[in-house]
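Enquirer: below are the sequence and a predicted model for it; my questions follow.
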Amino acid sequence: MTANNDNTTWSGRSVTCTAPINIAVIKYWGKRDEQLILPTNSSLSASLDQDHLKSTTTASISKEFKRDRLWLNGKEESIENPRIQNCLIEIRRRARKRKHNDDSKSEMLNWSVHICSENNFPTAAGLASSAAGYACLVYTLSKLYDINGDVSDIARRGSGSACRSIYGGFVQWTVGEKKNGSDSIAKVVADVDHWPEMRVLVLVVSDQKKHTSSTNGMRNSVNTSDFLRYRAEHVVPSRMEEMIKAIEEKDYQKFAELTIKDSNQMHAVCLDTYPPISYMNDTSRKIINMIHAFNKYQGELKVAYTYDAGPNAVLYLLDEHVPDVVSLINYYFPPCDNIRETFIRGLKVDFKTDISQELKDVVPLEPSPGAIKYVISTKVGQGPQILPNEASLLNENGLPNKLLQ
Ligand SMILES: Nc1ncnc2c1ncn2[C@@H]1O[C@H](COP(=O)(O)OP(=O)(O)OP(=O)(O)O)[C@@H](O)[C@H]1O
Ligand SMILES: C[C@@](O)(CCOP(=O)(O)OP(=O)(O)O)CC(=O)O
């Protein structure tokens, strides 16, 4: 395939896109329909800047391809994965529905597709790789097949949280009421420029694969936790309204309080599950204690934490407080010597590695060297982006440029 300007050739077509991860401040935890991936409650997240955390996907179609194929992070994987199939089938169905005046384009719908994707961060480690991955897959395929309009409901069929990564800024996923899920879609609450002071620190405690996947964990919670039903019916609806208002008004105190409470509530539902699920470890709990002591010492909320299905903490804070919070992390969770240089990623300014005696006196912790592996400093970011042809992950034969042995 030799691509021309619009990525179309006599025998093929190829598109490459990127998509962000997102970190929820009102958590999705529970499905009411496993097949369509419909949630038990609405949720809300921010998509993060793609400098450090993104998926990149190339999708190509060609007359010459014999069958659909998929490569993920340099290795061929089965394209029969039911979630990938759910997305692919729905994309092709929507593409067929569109009336093509141009016969050559209709013909393309019968060609096989090659998909190659990579994440620039650890996969399946609780860093929302499935969200970025499926959003990127669906967005790329939608561009390949010229599908216009919202495709968040298709990304949702890959992984629930992926629907929120179809947009940038602050994004809600509305629970919806319809059985077919057509109203369970992502909507932008505030775009990327709305709250430019907002910063995000991702504290990587572990980048190993987690013991209980989100899918299995939330299925057990739906089956056994009364608290999950209570949360969905009596807590989340009003909390969503409050959170949207806090974001619209840039009310950090309210935003931080709701973020902390909602993370703790999701993990309380996990503990209410039978048998209980606990995603946090000792380091996660120490981070929580450190942040509550720090906020109390400051007299107001300066930093909010949230945890997904793993031990890693994500902190939402305003840019003016980043230096103090980074110093705090450095003091209580200093890096081992060999990684000092790469411990805090994405931050140019110098920060202190010590804190005041007054603060030490109120934080109920001893330093834990090496407990945090590294920190990614980032911010709220854009939605998926289309890249130029040169960025393709597939060569002219439709095979990956890079393959792992
Ligand atoms: N770039 C990608 N393209 C397609 N699929 C991907 C991509 N990245 C990840 N996935 C899919 O997502 C799976 C990992 O999802 P999983 O929910 O276990 O981890 P996670 O998304 O990192 O964690 P969490 O969703 O709990 O934050 C992978 O095994 C793969 O099937
Ligand atoms: C804890 C969470 O990150 C849950 C993520 O769940 P997934 O979207 O990974 O689950 P599936 O729909 O089964 O693929 C909270 C959130 O992102 O809202």
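Expert: Arrived safely, thanks for sending. All values derive from a computational prediction rather than experimental measurement. Ligands and ions are numbered 1, 2, ... in the order given.

Enquirer: for the rest of this, base every contact and every neighbour count on C-alpha atoms.
Expert: Noted.

Enquirer: grab the nearest non-local neighbour of L203.
Expert: In space, and not counting its chain neighbours, L203 is closest to V375: 4.7 Å by Cα to Cα, 6 or more residues apart in numbering.

Enquirer: let's see the pLDDT reported for A3.
Expert: For A3, the model assigns a pLDDT of 43.

Enquirer: same check on D6?
Expert: 48.

Enquirer: what's the weakest-modelled helix or strand in the chain?
Expert: In the chain, the helix or strand scored least confidently by mean pLDDT, DSSP states H and E is helix 103-108, which has a mean of 74.

Enquirer: hang on, the earlier thing: dump the residue contacts of the residue nearest to L203.
Expert: Contact partners of V375, counting by Cα atoms under 8 Å, 6 or more residues apart in numbering, are 201-204, 343-345.

Enquirer: make TSV out of these and add distance to G149 and neighbour count.
Expert: Formatted as TSV, the contacts of V375 follow (distance: Cα to Cα, whole Å; neighbours: other Cα atoms under 10 Å):
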residue	distance to G149	neighbour count
L201	33	23
V202	32	21
L203	35	22
V204	36	21
F343	41	18
I344	39	22
R345	36	15
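
Enquirer: tell me which residue of the stretch 201-350 of the chain lies closest to ligand 2.
Expert: T215 (3.5 Å; Cα to the nearest ligand atom).

Enquirer: show me what the helix or strand containing that residue is packed up against.
Expert: Here T215 sits within helix 214-224, counting by DSSP states H and E. When contacts are defined as 3 or more Cα pairs under 8 Å, 6 or more residues apart in numbering; DSSP states H and E, helix 214-224 packs onto strand 31-33, helix 226-230, helix 252-272.

Enquirer: what's the closest of the ones you listed to ligand 1?
Expert: Nearest of the helices and strands packed on helix 214-224 (Cα to the nearest ligand atom): helix 252-272, 12.6 Å.

Enquirer: coming back round to it: next secondary structure after the least confident helix or strand of the chain?
Expert: strand 112-119.

Enquirer: sorry, back to before: of the contacts of V375, which belong to strands?
Expert: 201-204, 344-345 (DSSP state E).

Enquirer: which of those come close to ligand 2?
Expert: Among the ones in strands among the contacts of V375, not one lies near ligand 2 by Cα under 6 Å from any ligand atom.

Enquirer: could I get these as TSV with pLDDT?
Expert: Shown next, in TSV, are the ones in strands among the contacts of V375 (pLDDT from 0 to 100):
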residue	pLDDT
L201	98
V202	97
L203	97
V204	95
I344	91
R345	92
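
Enquirer: kindly report the residues of the chain close to ligand 2.
Expert: Residues of the chain lying close to ligand 2 (Cα under 6 Å from any ligand atom) are 23-24, 27-29, 130, 159-161, 214-215, 308-309.

Enquirer: out of the residues you listed, the closest to K402 would be?
Expert: Ranked by distance to K402 (Cα to Cα), these are led by S130 at 21.1 Å.

Enquirer: show me which of the residues of the chain next to ligand 2 are buried.
Expert: For the residues of the chain next to ligand 2, a burial check counting by 16 or more other Cα atoms under 10 Å picks out 23-24, 27-29, 130, 159-161, 214, 308-309.

Enquirer: okay if I get these as JSON lines plus distance to ligand 1?
Expert: Shown next, in JSON lines, are those (distance: Cα to the nearest ligand atom, whole Å):
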{"residue": "I23", "distance to ligand 1": "8"}
{"residue": "A24", "distance to ligand 1": "10"}
{"residue": "K27", "distance to ligand 1": "11"}
{"residue": "Y28", "distance to ligand 1": "10"}
{"residue": "W29", "distance to ligand 1": "10"}
{"residue": "S130", "distance to ligand 1": "4"}
{"residue": "S159", "distance to ligand 1": "8"}
{"residue": "G160", "distance to ligand 1": "9"}
{"residue": "S161", "distance to ligand 1": "7"}
{"residue": "S214", "distance to ligand 1": "5"}
{"residue": "D308", "distance to ligand 1": "6"}
{"residue": "A309", "distance to ligand 1": "5"}
